[in-house]
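*Asks:* What follows is a predicted structure for the sequence shown.
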Number of protein chains: 2
Amino acid sequence: MNNDELMKLDNQLCFAFYACSREITKLYRPLLAELGLTYTQYITLLALWEQDNVSVKELGAKLLLDSGTLTPLLKKLESMGLLTRARDKSDERHLVVRLTMKGEQLREKASCVPVRLFEGTDVEPEELFALRKQVQTLMSKMSEAT
Amino acid sequence: MNNDELMKLDNQLCFAFYACSREITKLYRPLLAELGLTYTQYITLLALWEQDNVSVKELGAKLLLDSGTLTPLLKKLESMGLLTRARDKSDERHLVVRLTMKGEQLREKASCVPVRLFEGTDVEPEELFALRKQVQTLMSKMSEAT
DNA sequence: TCTATATAAATTGTATGCAATTAATTGGGT
DNA sequence: ACCCAATTAATTGCATACAATTTATATAGA
């Protein structure tokens, strides 16, 4: 590819990912709206449903988000009654996040989301699986560089 | 995959894309900082370097962004002296965006960005090319659904 | 014990994204 | 010429992202 080609928008991997990521979020939006959640709130809960009782630091490591993003997000989820935020007694620097009963229960209602997401599209599960693997490989290669 | 597996964060295609997209942006950041640009400003300029003299509407169609995002972004680029914003004389509803000399010239300095991006990583160009194709296919399938 | 350093969250400031609304302009139909 | 629906940007409000700074706490070492 020559230099002109290399600079075309449609030839940028970055743009493909950037646009696709937002497009996927758009598929989620109506499903998550039924649960009263935004996309970021949803993936935060996915992480908590897998492992509860974690610090902001640990949560941030999983979601690749820092406290600047997580603090207001968690305060919002707290105000919605889905989780509690409390300092760790053994080390007051850590803030421990715990799901409430309501937060736990939301998992049931959310369990249909992954299944419903690509309903009505021409996308095959195998295709998704293979693509996800490749994306994760790329991710790990980029992480090594930074 | 059973339901528990389906709800794991690492099994979400959406999260893979979301995280990967932000990781790619991180690779860009130091390179674009040399040009004084953010990532969104950069892809906006990529679109304009390909086709100048476009309306906000047309630009938004290429970048998949609406006026709510583009208006402040374009005002910023205007204040940086990279482009001009003016109403179309033949239809005052349209706002036409034109690159300035300075905006045109920035293209030269930016031309090394795509090449330098994955330097120092273990990522092969063929890998990127194949992956981009797959992502674009997924994109088009999702667009059909909406 | 006292202090310097390290660590974790919160805060601040800037830049997106996007839904919903508003304002200005245009073109079709009467 | 006049009214009305459609079109395009801009605006408003809310929710992220993230760098940089600040605050509070913990710990190692003099």
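*Replies:* Okay, I see it.

*Asks:* Residues in contact with stretch A:39-48: which ones?
*Replies:* The set of residues that contact stretch A:39-48 without belonging to it, under Cβ atoms under 8 Å, 6 or more residues apart in numbering or on different chains, is A:25, A:28-29, A:32, A:35, A:37, A:54, A:59, A:62-63, A:69-70, A:73-74, A:76-77, A:82-83, A:97, A:99, A:103, A:106-107, A:110, A:113, B:7-9, B:12, B:14-15, B:18. Bear in mind the C-beta positions are built from the backbone N, C-alpha and C, glycine included.

*Asks:* Which among those residues count as buried?
*Replies:* A:25, A:28, A:32, A:37, A:54, A:59, A:62-63, A:70, A:73-74, A:77, A:82-83, A:97, A:99, A:103, A:106-107, A:110, A:113, B:7, B:9, B:12, B:14-15, B:18 (16 or more other Cβ atoms under 10 Å in any protein chain shown).

*Asks:* ok, back up a step: return only those of the contacts of stretch A:39-48 found close to DNA strand D.
*Replies:* Taking Cβ under 7 Å from any atom of the strand, the overlap between those and the neighbourhood of DNA strand D is A:Thr69, A:Leu73, A:Lys76, B:Tyr18.

*Asks:* Next secondary structure element downstream of the helix or strand encompassing the third one?
*Replies:* Assigned by DSSP states H and E, A:Lys76 falls within helix A:67-79. For helix A:67-79, the following helix or strand on the C-terminal side (DSSP H and E) is strand A:83-88.

*Asks:* Now tell me what touches that next one from outside.
*Replies:* For strand A:83-88, using Cβ under 8 Å, 6+ apart, the contacting residues are A:48, A:55, A:74-75, A:77-78, A:94-100, A:103.

*Asks:* pLDDT score assigned to the nearest residue to A:Thr71 once chain neighbours are set aside?
*Replies:* Nearest in space to A:Thr71, with sequence neighbours left out and distances taken as Cβ to Cβ, 6 or more residues apart in numbering or on different chains, is A:Val56 at 7.1 Å. The predicted structure scores A:Val56 at 98 on the pLDDT scale.

*Asks:* still on that earlier bit, got the ones next to DNA strand D among the contacts of stretch A:39-48 as a markdown table, with pLDDT columns?
*Replies:* Converted to a markdown table, these look like this (pLDDT from 0 to 100):
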| residue | pLDDT |
| --- | --- |
| A:Thr69 | 98 |
| A:Leu73 | 98 |
| A:Lys76 | 98 |
| B:Tyr18 | 96 |
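
*Asks:* Out of the residues you listed, which comes closest to DNA strand C?
*Replies:* Taking Cβ to the nearest atom of the strand as the measure, A:Thr69 is the one of those closest to DNA strand C, at 8.2 Å.

*Asks:* which bits of chain A sit near DNA strand C?
*Replies:* With Cβ under 7 Å from any atom of the strand as the criterion, chain A comes near DNA strand C at residues A:18, A:22, A:25-26, A:29, A:55-58, A:60, A:66-68, A:70-72, A:74, A:85, A:93-95.
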